[in-house]
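Trainee: Structure for this input, please:
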Amino acid sequence: MKIKYLPLAIVLASLSACVKLDESPKSFISPEQFYKTAGDAISAVNAIYYPMVDNSTGAQPIYNRLFYTGLDFLTDDLDAGPGSPNAEVRALAKLTHASTNLRIQQIWTEHYEGINKANIALERIPAIEMDGKLKNRLLGEARFLRGFYYFNLVRLYGDVPLLLKDQTQLSLAELQVPRTPKEQVFLQIINDLETAASLFKAASTGEAGRATEGAAVSLLSKVYLTRRDWANAVKYADAVINGSYGYALFDDYAQVFLPAYKNGKEHIFSAQIKGSTISTGHLITSSDIRSGVPGLKGSYGNQLAFYTVGSDNFFSLYKLYSAKDKRKRTSFVTYYISPTDGKKYATINAPGDSVPFINKNWDPNYASTGNSDANMNILRYAEVILIDAEAENELNGPTTKAYGAINKIRKRAGLADLTTGLTKDQFRDSVYLDRRLELVGECQRYFDLIRQTGTEVTGVGPEGKGILLKNLKLVGKNNVAARHYLYAIPQGEIDRNPKLTQNPGW
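Mentor: Purely as a prediction, here's the structure:
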């Protein structure tokens, strides 16, 4: 993955939609004037990445805490911490939110912002006279990113409007379209990713952080896993594992998250975050850190979901890790050392029971500020290996190949190999657990809970069925219901577009 950090002025200037109508006519740059050079094309594609990490409106960017609050807080892993007073965030964590919830609206808006920027690039770049290999790379990135944004939307909302043209050039009537059946959206996602992979084959190499052929093929494996198309999930995961992309696991799990190793051999596609250069800073880090530690800017807005198991009133995901599991001490800390007074600060809820704090976004270079240059992982090689293990088991049972895949992940974690002789169901449960422990805090759990229900892809399952309902009730999120297999369509979108319909139960 190769990308330079993008100057916000360049990103914002790259779209005519960002030009304010009250500006002087001399400062207005029409699309026909702007999309003329290779530099214009690069700026247009850079803009597609923008909603992932920053937002000019002041809203939380998709992979800079918005998905944390809008996805991970809805699971059995995480919860709103005491430093998260926002009523709408706390409603999401308790599953009492409505279709008017601002975070549900922002996720929709920011994804469509990225999609429209991709549409603009795909419409305008082909006519620009420029190096052919660079043009292929940029078109490949635009195709990948559009497919990626739609993949998130269809998993969250189900049927969504499939818009493939520059929305700023459409009339209100043309924008008021009904929801497109999810099967058609999935076909477009697959088409975008396959086209992107093909374009990348005849493209120049980009900077660290950009979408690549390997990212397109990896995402295809995940798309097919979501669709429960096990054969194609295996096919594309194997293409990544056996291909010449150069991916490999880091020897040390901690290296996956330390900024010193960002965009390394395990990182297939990440949201590029350099906290000191974006308007929001790194929103997740300070929310992970507990408050009240001298010298640390922490709000403790993110916490694990605590629940009761037997006589333990503070059970959590943390206690599902084996004491030998190296991932445990990387993903969490149970205390902080103040950089001001050198004292140890921990929270004790019960005698001898320290609260674990999420640690994946920690950056030692910003230790006193709560900021971070840690990227947000979206696709990494470890997940492709787990996809291969899961899909192979579903397709052929727990074969030697399936065992070999999951045991690569377990070996790095310091765990013994899975014992052979497991049934298909037992092996599936083992993969689910290792996904949970490996990917905690990486905005994967909500999608995994839904995928594991066995219901129709992104469909609504019957009340009482499936792992989503069972697991959330176990952690005391008793408001969970069948409607939570999908997000609500934002009420603001329905008000603006009467052709939209609401999801069941909302």
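Trainee: Could you list the low-pLDDT ranges of this structure?
Mentor: In the prediction, the chain carries residues with pLDDT under 70 at positions 1-33, 348-352, 453-465.
Trainee: hmm, try it at 80
Mentor: By pLDDT under 80, the weakly predicted segments of the chain are 1-33, 56-58, 347-354, 453-466.
Trainee: Correct me if wrong: residue 428 contacts residue 394.
Mentor: Yes - with contact defined as Cβ atoms under 8 Å, residue 428 reaches residue 394; the gap is 7.3 Å. (Glycine included, C-beta is placed from N, CA and C.)
Trainee: Residue 427 and residue 420 touch, don't they?
Mentor: No - with contact defined as Cβ under 8 Å, residue 427 does not count as touching residue 420 (9.9 Å).
Trainee: if I look at the two, which residues touch both of them?
Mentor: Common contacts of residue 427 and residue 420 (Cβ atoms under 8 Å, 6 or more residues apart in numbering): residue 398.
Trainee: Same drill for the two, tell me which one is more crowded.
Mentor: Neighbour comparison, residue 427 and residue 420: the larger count goes to residue 427, with 24 against 9 (by other Cβ atoms under 10 Å).
Trainee: if I look at that one, how far off is residue 403?
Mentor: 8 Å (Cβ to Cβ, to the nearest Å).
Trainee: what is in contact with those two at once?
Mentor: By Cβ under 8 Å, 6+ apart, the residues touching both residue 427 and residue 403 are residue 418.
Trainee: Which positions in stretch 228-247 come out as buried?
Mentor: 229-230, 232-234, 236-241, 245, 247 (16 or more other Cβ atoms under 10 Å).
Trainee: Just give me how far that stretch sits from the chain centre.
Mentor: 20 Å (Cα atoms, centre = their mean, to the nearest Å).
Trainee: repeat for stretch 125-134
Mentor: 30 Å.
Trainee: Show the end-to-end separation of it, please.
Mentor: Distance across stretch 125-134, first residue to last, is 11 Å (Cα to Cα, to the nearest Å).
Trainee: Name the residues that touch that stretch?
Mentor: Taking Cβ under 8 Å, 6+ apart as the rule, stretch 125-134 contacts 35-38, 40-41, 44-45, 135, 138-139, 142, 202-204.
Trainee: nearest residue to residue 442 other than its sequence neighbours?
Mentor: residue 377 (5.2 Å; Cβ to Cβ, 6 or more residues apart in numbering).
Trainee: Same question for residue 91.
Mentor: residue 97 (4.1 Å).
Trainee: Mind telling me what element the one you found is part of?
Mentor: Using DSSP states H and E, residue 97 falls within no helix or strand.
Trainee: residue contacts, it?
Mentor: 88, 91, 103-104, 488.
Trainee: Got the phi and psi for residue 337?
Mentor: Note on residue 337: backbone dihedrals following degrees, to the nearest 10 are phi -100, psi 120.
Trainee: oh, I was asking about residue 82
Mentor: phi -60, psi -20.
Trainee: can I assume it is in contact with residue 300?
Mentor: Yes - taking Cβ under 8 Å as the definition, residue 82 is a contact partner of residue 300 at 5.7 Å.
Trainee: so what sits against both of those two?
Mentor: residue 291.
Trainee: Run through the strands of the stretch 301-450 of the chain in chain order.
Mentor: Secondary structure of the stretch 301-450 of the chain (DSSP state E, counting those that start in this stretch): strands located at 302-304, 307-309, 312-315, 332-333, 336-337, 344-345, 348-350, 353-354, 357-358, 376-380.
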